[in-house]
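>>> show me the folded form of this:
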Amino acid sequence: MSSDEEKARARAYYYANRERCLERGRAWRAANKEKVKTNNASYHAANRERENARSRAWKEENREAMNARRRDAYTTNIEQERAYARSKKKAKYAQNPQKYRNLARLERAKPGVKERQARASKLWTERNPDRRKAAARRWYQRHLRHARLQLAIAQATRRRRYVLWADVEAIAELYASAALLTQTTGRSHVVDHIIPLKGRTVSGLHVETNLRIIERSENARKSNKWESSGWERPGASPGDMPSASGKARPLQRDLF
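Below you'll find the model as predicted:
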């Protein structure tokens, strides 16, 4: 019997017993995983160009089906997929952290990027308050010495900006109200100094008329800047507050 006849006979047997042959092949591959892996690697190495071309052609013909399968797999295992992406990102960052810090600085220097990132961060915090708190706790534990140093600096600054005629009870009431808002809304609220205690152009005092309650994310965005527009004292009419962008810097007694 010639080789062509043998191939035709084997083909006919395969199609006549397709399910049986497939099941037997799956069982053999399961029992010989290492051998299958070695054989596949050897074949691919010997036929690299041919296999690559075949793979590219198949992907082009089945691109929509591939994308649909990927979307379905991602949706079904979204938490595992996100964890895998985070682990890859952390591994790349750990290899060269300074490179990614520089890239982040360059990105934030582009017009509008800083504001867009702040909006995205605020939205993420509102949607994931528990994860935000957990991340803050982890950061605090990793940077305990730095956090305590910043707290000591803030407390010392507040003491230096405190005056004897400040209404201590009113200040305490503001802090209590901020804590109550945090508890009732589920979003972190803090007491903010309208005119910062360590401003770049003007500094305020730790007094009740220089305090207001805002969300922590808004306070972080504001930092130590003084944004005078719309920050009138309670009961003041619009336009009563001098603008920080005028020729002369406003005095605090003109504001409060």
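
>>> contacts, neighbours, all on C-alpha from now
OK.

>>> got phi/psi on residue 191?
Torsion angles at residue 191 (phi, psi; degrees, to the nearest 10) stand at phi -90, psi 120.

>>> residues in contact with the closest residue to it other than its chain neighbours?
Leaving aside its chain neighbours, residue 191 sits nearest to residue 213 (4.6 Å; criterion: C-alpha to C-alpha, 6 or more residues apart in numbering). The contact partners of residue 213, by C-alpha atoms under 8 Å, 6 or more residues apart in numbering, come to 174, 178, 189-192.

>>> now the helix or strand hosting residue 213: how far from the chain's centre is it?
Using DSSP states H and E, residue 213 maps to strand 211-215. Relative to the chain's own centre, strand 211-215 is displaced by 25 Å; criterion: C-alpha atoms, centre = their mean, to the nearest Å.

>>> same deal with stretch 168-181?
On the basis of C-alpha atoms, centre = their mean, stretch 168-181 sits 31 Å off its chain's mean C-alpha point.

>>> contacts for that stretch?
By C-alpha under 8 Å, 6+ apart, the list of residues contacting stretch 168-181 reads 187-191, 207-208, 211-214.

>>> tell me how many other residues surround residue 197.
Around residue 197 there are 22 other residues, counting by other C-alpha atoms under 10 Å.

>>> all numbers from here: first residue = 51
Okay, residue one is now 51; in that scheme the one you just asked about reads as residue 247.

>>> tell me the confidence at it?
Note on residue 247: pLDDT of 80.

>>> just to revisit the earlier point, from the contacts of stretch 218-231, which is closest to residue 160?
Closest approach between the contacts of stretch 218-231 and residue 160, by C-alpha to C-alpha: residue 264, at 27.7 Å.

>>> what residues are up against the closest residue to residue 256 other than its chain neighbours?
Excluding the flanking residues, the one nearest residue 256 by C-alpha to C-alpha, 6+ apart is residue 212, at 5.0 Å. With contact set as C-alpha under 8 Å, 6+ apart, residue 212 has these partners: 255-257.

>>> export stretch 270-277 to CSV, keeping only CA atoms.
Output in CSV follows, covering the C-alpha atoms of stretch 270-277 (Å, rounded to 0.1, in the frame of the first residue of the first chain):
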residue,chain,number,x,y,z
ALA,A,270,-6.3,68.7,48.8
ARG,A,271,-6.9,70.3,45.4
LYS,A,272,-6.9,73.8,46.9
SER,A,273,-3.7,73.0,48.9
ASN,A,274,-2.2,76.3,50.2
LYS,A,275,-3.7,78.5,47.5
TRP,A,276,-6.1,81.4,48.2
GLU,A,277,-9.0,81.4,45.7
